[in-house]
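Undergrad: this one's sequence-less:
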């Protein structure tokens, strides 16, 4: 196979004049080829563009230079570090961090080559929402969100986002408008250039794919298509998009035997998640300014992760109030553990639950830096469980008989119904 660059070839960074030595070809796409390289003993990845792509995307170099100047929104982006050039050549590429081998693609998830726990999967969705919040806060638009651009660690839920050479200033016109199936309807129809609002629609599609392993607009109408050509795609995703679980119109509902992932997973998740996805793909289809924003996804996904609890068979299930009945894995009746009601959210108090500043301090939303509380067994009575204070400040608890006690560091409060815990500026109640 002929490649643009070859092993041991040296190319140079235009900012640092650093020499990068090509080690191995990693893969190719429509824009160019990616290689593993090294400099000063450190491995990196280099994307080198096809000559015809450089000619077609006239704003590519300027877009890359702008991204390099602005810097990465957060550490989850495999962001361009500097351009690389060859002497006496008009070709160019860019250097980015090398993706570790433990990160799998969303394609691996869809094809069951990666089997994360619900907790890891939700954590990946949460990081994805947080990263796009940081990107949009810089006035940038990703333009091409799809599941080939996101990688995740199935064990932890950590993510990495690649192909950041498509990122541009919000609303700018360019060569890349998105990937079919992920583009907002207005982009499919050609009514508008990519912007933050179209990114939000694509993000909702990607989150639906990750949690339901299915596309939100592919139901009966997709199953009836005999020739899946451009005209059919424009109709399905652009001119007549219809959510497969639209409560007012079931003409595009999932078909048993064809869309079983959607049918099975939709039923597993709690109602509050289904409600937000319904809003994302009903009113959010046409109302660009009414789409689900990153912060709403963050709150929702944290609540979803906090709603997880274990069946006796070990499977993770979601607490959904009176709708929590049988385990999806063993079909036996579920017994929910004690839970903590904090404002309008519930945290299931499993044997491995940790509370963070996000949970117990209203001034530190989204802070998951250091655990402040853990569920622990009573040292003398293994049948009794408590919530142990592992933070820096004491708690004040009010018992059901209205007596008040102080829970100092390393001390615990029994997981008994009706106990109120004042963490300082947040009050929660244990429910059983």
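TA: Structure received. Remember, predicted model here, so these are calculated numbers, not experimental data. Numbers count the residues shown, from 1 in each chain.
Undergrad: what about the longest strand in the protein?
TA: In the chain, with assignment by DSSP state E, the single longest strand is strand 19-28.
Undergrad: tell me what the helix or strand following it is packed against?
TA: Next along the chain after strand 19-28, taking DSSP states H and E as the criterion, comes strand 32-39. Contacts defined by 3 or more CB pairs under 8 Å, 6 or more residues apart in numbering; DSSP states H and E place strand 32-39 against strand 19-28, strand 42-49. For glycine as for every other residue, the C-beta is placed from the backbone atoms N, C-alpha and C.
Undergrad: quick check: angle from the longest strand of the chain to strand 42-49?
TA: 60 degrees (axes from the mean of the first three to the mean of the last three CA atoms, to 10 degrees).
Undergrad: give me the sheet partners of strand 19-28 and which way each runs.
TA: strand 10-13 (antiparallel), strand 32-39 (antiparallel) (DSSP bridges).
Undergrad: residue closest to the middle of the protein?
TA: Residue closest to the average C-alpha location in the chain (CA atoms, centre = their mean): residue 125, at 2.2 Å.
Undergrad: that one against residue 208, yeah?
TA: No: using CB atoms under 8 Å, residue 125 is not in contact with residue 208; the gap is 9.9 Å.
Undergrad: picking up where we left off before, possible to save the helices and strands packed on strand 32-39 as JSON lines with mean neighbour count?
TA: Output for the helices and strands packed on strand 32-39, formatted as JSON lines (neighbours: other CB atoms under 10 Å):
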{"stretch": "strand 19-28", "mean neighbour count": "14"}
{"stretch": "strand 42-49", "mean neighbour count": "18"}
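Undergrad: tell me the spacing between residue 309 and residue 261.
TA: Residue 309 is 23 Å from residue 261, where distance means CB to CB, to the nearest Å.
Undergrad: more neighbours, those two?
TA: More crowded of residue 309 and residue 261, by other CB atoms under 10 Å: residue 309, with 21 against 15.
Undergrad: where's the more buried one, which helix or strand?
TA: Element membership of residue 309 [criterion: DSSP H and E] is strand 308-310.
Undergrad: what residues does the helix or strand just after that strand touch?
TA: Next along the chain after strand 308-310, taking DSSP H and E as the criterion, comes strand 316-318. Outside strand 316-318, the residues that touch it by CB atoms under 8 Å, 6 or more residues apart in numbering are 117-119, 268-270, 304, 307-311, 324, 327-328, 334.
Undergrad: pick out whichever of these sits closest to residue 359.
TA: Closest approach to residue 359 among those (CB to CB): residue 307, at 13.2 Å.
Undergrad: so who does that closest one touch?
TA: 270, 318, 319, 320, 346, 348.
Undergrad: what about those residues, which one has the most neighbours?
TA: Among those, the one with the most neighbours (other CB under 10 Å) is residue 318, at 22 neighbours.
Undergrad: quick check: bridge partners of that one?
TA: Assessed by DSSP bridges, residue 318 has beta-bridge partners residue 308.
Undergrad: neighbours of the nearest residue to residue 206 once chain neighbours are set aside, how many?
TA: Spatial nearest neighbour of residue 206, excluding adjacent residues (CB to CB, 6 or more residues apart in numbering): residue 145 at 5.7 Å. Applying other CB under 10 Å, we find 28 residues neighbouring residue 145.
Undergrad: likewise for the one 3 residues further on?
TA: Using other CB under 10 Å, the number of residues around residue 148 comes to 14.
Undergrad: I'd say it and residue 108 touch.
TA: No: with contact defined as CB under 8 Å, residue 148 does not count as touching residue 108 (10.9 Å).
Undergrad: map the structural domains onto the sequence of the protein.
TA: When the chain is parsed with automatic domain parsing, its domains come out as 10-96, 104-300, 337-431.
Undergrad: how far off centre is the first one?
TA: The one in question is domain 10-96. Centroid displacement of domain 10-96 relative to its chain, using CA atoms, centre = their mean, to the nearest Å, is 26 Å.
Undergrad: for the helix or strand of the chain with the lowest mean pLDDT, name the packing helices and strands.
TA: Least confident helix or strand, the chain: strand 168-169 with a mean of 86, by mean pLDDT, DSSP states H and E. Applying 3+ CB pairs under 8 Å, 6+ apart, one finds that strand 168-169 contacts helix 60-70, strand 140-141.
Undergrad: most tightly surrounded among these?
TA: Counting by mean count of other CB atoms under 10 Å, strand 140-141 has the highest mean neighbour count of those, with a mean of 24.
Undergrad: residues contacting the helix or strand following that one, please?
TA: Helices and strands here follow DSSP H and E; after strand 140-141, the next one along the chain is strand 150-152. Here strand 150-152 makes contact (CB under 8 Å, 6+ apart) with 99, 103-106, 109, 114, 116, 120, 124, 128, 158-162, 206.
Undergrad: next step: these restricted to strands.
TA: Among these, DSSP E puts 104, 105, 159, 160, 161 in strands.
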